[in-house]
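>>> Kindly return the folded structure for what I paste below:
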Amino acid sequence: MIRFMAGQKGQGKTRKLIDMANEAVKQADGHLVFIDDDRRHTRDINRDIRFVEAGKGVLSNYREFVGFILGILSMDADVEHIYVDGLCNIVKTLDNNESLQKLNRKLEAISHRDSVKFTISVNYEPDTLPDDIQALLM
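Numbers count the residues shown, from 1 in each chain. Next up is the predicted model:
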């Protein structure tokens with residue numbers, strides 16, 4: 001399962017994502033991972049959630065991000081849910097809907113294969129997203 005949160009910077013997506021992860025860890029059977037582009041919110045996240053700093057624009061495209069996710073999953077087969085804050089800051093060239101759709105298809109395959117859920121925030125206005133991504137908005 002993949003869910004997206006969309007909106008411009010400053011609309012509270014990060015706080016909502018952190019609150020969701022902190023609440024989910026209370027009932028989680030597996031491990032939770034929180035990926036962010038910086039360490040600003042490290043102390044806001046429950047210590048039982050694995051925090052991963054991906055850096056700003058370190059990953060060049062959606063394919064590298066998929067490899068990054070596969071690396072995390074290869075290290076821990078018990079990952080239940082991955083939260084990604086600021087995907088557009090992490091992936092340098094995720095600047096068009098086509099790249100986002102390709103990423104979504106790859107993550108769907110991973111989600112089904114490994115039984116992992118994804119919740120991802122993006123800095124797009126919801127009405128500018130393609131229909132298949134809009135259907136996954138929270």
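
>>> Could you name the helices and strands sitting against the longest helix along the chain?
Longest helix in the chain by number of residues, with DSSP state H as the criterion: helix 97-114. If you count contacts as 3 or more C-beta pairs under 8 Å, 6 or more residues apart in numbering; DSSP states H and E, helix 97-114 packs onto strand 2-6, helix 62-75, strand 117-122, helix 131-134. In this view, the C-beta of every residue, glycine as well, is placed from N, C-alpha and C.

>>> what's near enough to touch the residue nearest the centre of the chain?
Nearest to the geometric centre of the chain sits Val84, at 2.4 Å (C-alpha atoms, centre = their mean). Neighbouring residues of Val84 by C-beta atoms under 8 Å, 6 or more residues apart in numbering: 35-36, 90, 118-121.

>>> Let's see that with 10 Å instead.
4-5, 17, 33-37, 52, 54, 65, 69, 90-91, 107, 118-122 (C-beta atoms under 10 Å, 6 or more residues apart in numbering).

>>> Could you pick out the buried ones from the residues you listed?
4-5, 17, 33-37, 54, 65, 69, 90-91, 107, 118-122 (16 or more other C-beta atoms under 10 Å).

>>> Tell me which residues of stretch 12-29 come out buried.
Those would be 13-14, 16-18, 20-22, 24-25, for stretch 12-29 by 16+ other C-beta under 10 Å.

>>> you'd agree Ser115 is up against Val79?
Yes - Ser115 lies in contact with Val79 (C-beta atoms under 10 Å); the separation is 9.2 Å.

>>> okay, the two: which has more neighbours?
Val79 (19 against 12; other C-beta atoms under 10 Å).

>>> Ramachandran coordinates for that one?
phi -70, psi 130 (degrees, to the nearest 10).
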